[in-house]
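Engineer: Next come a sequence and a model predicted from it.
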Amino acid sequence: MKIIVTKDNIEGGTKAFEIIKKGMEDGDKVLGLATGSSPIPLYDDMCDSDLDFSDMTSINLDEYYGLNPDNDQSYHYFMQKHLFDKKPFKHSYIPNGMAKDIDKEVDRYNDIIAANPIDIQILGIGRNGHIAFNEPGTPFGSLTHKVQLTESTIKANSRFFDNEDEVPRQAICMGIKSIMQSKKIVLLAFGESKQDAVKALVEGPVTEEVPASILQDHPDVTVICDEVAAAKLDPKYRN
Ligand SMILES: N[C@@H]1[C@@H](O)[C@H](O)[C@@H](COP(=O)(O)O)O[C@@H]1O
């Protein structure tokens, strides 16, 4: 696991952008994308760049269940606003949060992932160590599935909604096994609220209670965090 400690999230975004740029120069064609505030500086850099994604495929991690794509809290809306409006991809996939037949949607998404092996997966991390919406206790062998969000995630994500009651209680989410099959993984974590999650991810035991800890077993992971998020890490992990 490579750890890059940056001054702030802007510098962190630039570091992640450099990895994507280099990957594309080396022929990477499929990006796994994340939502949340952490990847926004990366998407800003991608939008401001002269990189062309029109021959690339993107696969998003997750979507709230029950939110329409034009709801401004849906991850469809988020991706359109922060990236795809300015930088369209050849194909962009996001779970359908309005799917009536969940099993069918889950199969569809697993087929998409199988047909488009992910070259670089971008991840954020939840305060409880979740990746995508894979909450503590999710089996490491999981594929795409419908998830019940925990109280901690509902509370944390309510900052984007008018109030906590409006946060959907369920989501459709790429599984941990699929995330681990990505060739490269770049995890972004910024700010004080991520200190414990970053420490558990890097130093803690590999346990399903901290979904991100499985990344210790992946051969090519870069964790990019700011000085504040890295503050509880043993100094030997900080540069
Ligand atoms: N499903 C998303 C995750 O993919 C994201 O990593 C997390 C942290 O978000 P933020 O980057 O805003 O802290 O929020 C949500 O739960």
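Structural biologist: Arrived safely, thanks for sending. Numbers count the residues shown, from 1 in each chain.

Engineer: what about K194, how many neighbours?
Structural biologist: 25 (other Cβ atoms under 10 Å). Backbone N, C-alpha and C define where each C-beta goes, glycine included.

Engineer: In a helix, it, correct?
Structural biologist: Yes: the assignment for K194 is a helix, going by DSSP: H, G, I helix; E, B strand; the rest coil.

Engineer: ok, how many other residues are close to the closest residue to it other than its chain neighbours?
Structural biologist: With Cβ to Cβ, 6 or more residues apart in numbering as the criterion, K194 has its nearest non-adjacent residue at 4.3 Å, and that residue is A229. By other Cβ under 10 Å, 28 other residues sit near A229.

Engineer: repeat for N71
Structural biologist: N71: 15 neighbours (other Cβ under 10 Å).

Engineer: same question, the one 10 residues further on
Structural biologist: Residues lying near K81 (other Cβ under 10 Å) number 13.

Engineer: Same check on D220?
Structural biologist: Per other Cβ under 10 Å, the neighbour tally for D220 reads 12.

Engineer: got a list of what it touches?
Structural biologist: D220 makes contacts with K183, K184, I185, as judged by Cβ atoms under 8 Å, 6 or more residues apart in numbering.

Engineer: what's the distance between the second one and P168?
Structural biologist: So that's K184. 30 Å (Cβ to Cβ, to the nearest Å).

Engineer: what's the single longest helix in this structure?
Structural biologist: Looking across the chain with DSSP state H, the single longest helix is helix 9-25.

Engineer: So which of the contacts of D220 sit within strands?
Structural biologist: In strands, defined here by DSSP state E, the members of the contacts of D220 are K184, I185.

Engineer: top of the contacts of D220 by neighbour count?
Structural biologist: I185 leads those on contacts (other Cβ under 10 Å) with 22 neighbours.

Engineer: List the beta-bridge partners for that one.
Structural biologist: Q121, V221 (DSSP bridges).

Engineer: who's in contact with it?
Structural biologist: I120, Q121, L123, I179, L215, H218, D220, V221, T222.

Engineer: Just say helix, strand or coil for the fifth one.
Structural biologist: Under three-state DSSP, the three-state class of L215 is helix.

Engineer: That one - nearest residue in space that isn't next to it in sequence?
Structural biologist: In space, and not counting its chain neighbours, L215 is closest to V221: 4.8 Å by Cβ to Cβ, 6+ apart.

Engineer: Wait, the one you found touches I3, no?
Structural biologist: No: applying Cβ atoms under 8 Å, one finds V221 not in contact with I3, separated by 9.3 Å.

Engineer: on that earlier part again, buried by neighbour count, from the contacts of I185: which ones?
Structural biologist: Among these, those that count as buried by neighbour count (16 or more other Cβ atoms under 10 Å) are I120, Q121, L123, I179, L215, H218, V221, T222.

Engineer: Quick check: the gap between the fifth one and V186.
Structural biologist: To V186, L215 is 11 Å away according to Cβ to Cβ.

Engineer: same thing with the fourth one?
Structural biologist: Taking Cβ to Cβ as the criterion, I179 is separated from V186 by 12 Å.

Engineer: Pull up the overlap in contacts between these two.
Structural biologist: Contacts common to I179 and V186, judged by Cβ under 8 Å, 6+ apart, are Q121, L123.

Engineer: Which other helices and strands does the helix or strand of the chain with the lowest mean pLDDT contact?
Structural biologist: When each helix and strand of the chain is scored by mean pLDDT, DSSP states H and E, helix 151-157 comes last, with a mean of 91. Of the remaining helices and strands, none touches helix 151-157 by 3 or more Cβ pairs under 8 Å, 6 or more residues apart in numbering; DSSP states H and E.
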